[in-house]
Structures are given as C-alpha cells and as structure tokens.
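Engineer: sequence and predicted model, in that order:
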Amino acid sequence: ERSLNVFFLVDASSTMLFGTRDKIKAQYVAELVASMSFAVIRSSDCVGLGMFNKNLVRNFLPASGEKQYYNILSNLVDLNLYGNGFDLAKPLKYYTGVLPRGSLFFIVSDFIGLKGDEWIKNLRVACKKLDVIGIMIRDVRDRQLPDEYSEIVLESPEDDRKKIVNPAAIKHAYESYVKREEERIAEIFSECGGGEFLLLVTDTDFVHPLIKMFKRRTSKYR
C-alpha cells in the first residue's frame with residue numbers, strides 16, 4: 001500500500017568485463033537489472049541506479065517513469081563506463097545516507113577485489129536502514145579452472161602485470177580459495193543484519209533463482 005523505492009548498486013570495475021561464456025559479467029548484469037527495473041517501473045514504483053568502481057561512475061536516485069528506465073538501461077550497456085579498480089565501502093556509505101529508510105537495496109557485483117574491513121562496517125550500517133540484498137555474479141572461470149595441462153598468460157586488468165601459469169597445477173588450491181571466499185562473503189551479509197545473498201553464474205538463467213529468492217522472502221516476512 002505504499003510506493004516502493006528500489007535501488008541497484010552495480011559494480012562497474014574492470015573485472016566485470018571478463019567472460020568465457022556467451023556474455024561477459026557486465027552484460028549479464030545489464031540484462032538482470034534492466035529486467036527487474038522494468039518490472040518495478042510497470043508496478044508504478046521507483047527505481048534507481050548507482051554504478052561504481054574506485055569512484056561513483058553514475059548516480060540516478062529512485063524515480064519512476066520511462067525516462068528513468070531509459071537512463072538506467074543506456075548506462076548499463078555502455079561498456080565505456082566500466083574499468084578501473086573496486087571500492088565498495090564508499091558507495092555503501094553514500095547511499096545509506098541518501099536513500100529513504102526501508103528502500104530495497106541490491107548490491108550487484110562479482111565481489112572480486114574486496115579489501116579491508118571498511119566495507120563490512122558500512123554494510124552493517126546499511127542493513128540497519130535499508131533492505132539489503134547482495135547478488136554475486138561470477139563467470140565459470142571465476143570459480144573453476146580447466147583440467148588441461150597447458151601454459152596460459154594471465155594479465156592484470158588494472159596494470160601491465162603478466163604471469164604465466166599452468167591452470168591444472170593450481171586448480172585445487174584456486175577452487176578451494178574461491179569456495180571459502182564466496183562462503184565468507186555470504187556469511188558477512190548474514191552477520192550484518194540478515195541481508196539476503198544470492199550467487200548467480202553467467203552460464204545459468206537468473207529468472208528462476210530470483211523467483212525462488214523472492215518466494216523465500218515472502219514466506220520469511222509473512
């Protein structure tokens with residue numbers, strides 16, 4: 001019986017330009033956020049978008065109407081806006097201050113490059129004011145390495161550093177590390193106030209996992 005404010009905080013760092021399937025992570029996120037924003041607009045609610053890397057790249061506070069949807073869509077698909085490093089702490093602090101209490105706040109990111117504890121402190125504060133949902137977007141190769149013994153060149157997206165590795169030789173250690181990292185980030189969201197957390201991989205459809213999550217939320221708050 002009230003107007004709902006929905007906000008998407010979208011990771012626009014360089015790691016979002018990575019992909020080994022049909023879509024890079026940025027494209028997958030654009031489809032997800034555009035689809036959900038369209039549903040929000042059709043429901044006559046308000047939707048907003050923030051895109052960030054080391055800095056805030058784009059900022060559209062919640063509003064309704066076709067113009068808002070066009071602004072969100074046109075910026076999400078502009079790959080020129082993506083790049084640079086990753087700092088989640090700053091936008092968390094900013095949007096906790098400017099968004100209305102009770103807003104539905106989605107953090108959409110691969111969560112690669114998290115540093116320090118400042119973002120955790122800011123997330124804890126955000127969860128007290130906003131209804132926070134974390135959506136982790138990962139490519140298959142973010143989580144698993146190939147079995148073949150071969151040498152490949154890895155290059156840093158932020159500078160000119162390169163390293164030759166044999167994926168099969170580090171496969172077990174890498175995948176164990178990633179699994180612990182994903183579990184720990186999910187735990188942090190839970191510990192910071194019960195914020196929802198959903199993991200999506202770019203080779204799978206996002207519709208059914210989202211529907212399942214919202215059904216679970218409906219049962220939880222009923």
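Structural biologist: The structure has been received and is ready for your questions.

Engineer: all helices for the protein, in order.
Structural biologist: 25-42, 66-76, 89-98, 118-129, 140-143, 167-191, 207-221 (DSSP state H).

Engineer: ok, the closest residue to Glu148 other than its chain neighbours - how many residues close by?
Structural biologist: Distances taken as C-beta to C-beta, 6 or more residues apart in numbering put Ala168 closest to Glu148, at 6.2 Å, once the chain neighbours are dropped. All C-beta spots, glycine's among them, are computed from the backbone N, C-alpha and C. Ala168: 13 surrounding residues under other C-beta atoms under 10 Å.

Engineer: wait, Ala168 sits on Ile152?
Structural biologist: No. If you go by C-beta atoms under 8 Å, Ala168 and Ile152 don't touch, sitting 10.5 Å apart.

Engineer: with adjacent residues omitted, what lies nearest to the residue in the chain sticking out farthest from the centre?
Structural biologist: For the chain, the residue at maximal distance from the C-alpha centroid (C-alpha atoms, centre = their mean) is Tyr149, at 32.2 Å. Nearest residue to Tyr149 in three dimensions, chain neighbours excluded: Ala168, at 4.7 Å (C-beta to C-beta, 6+ apart).

Engineer: next: Gly116.
Structural biologist: Excluding the flanking residues, the one nearest Gly116 by C-beta to C-beta, 6+ apart is Ala89, at 7.4 Å.

Engineer: look up how far Ser103 lies from the one you found.
Structural biologist: 19 Å (C-beta to C-beta, to the nearest Å).
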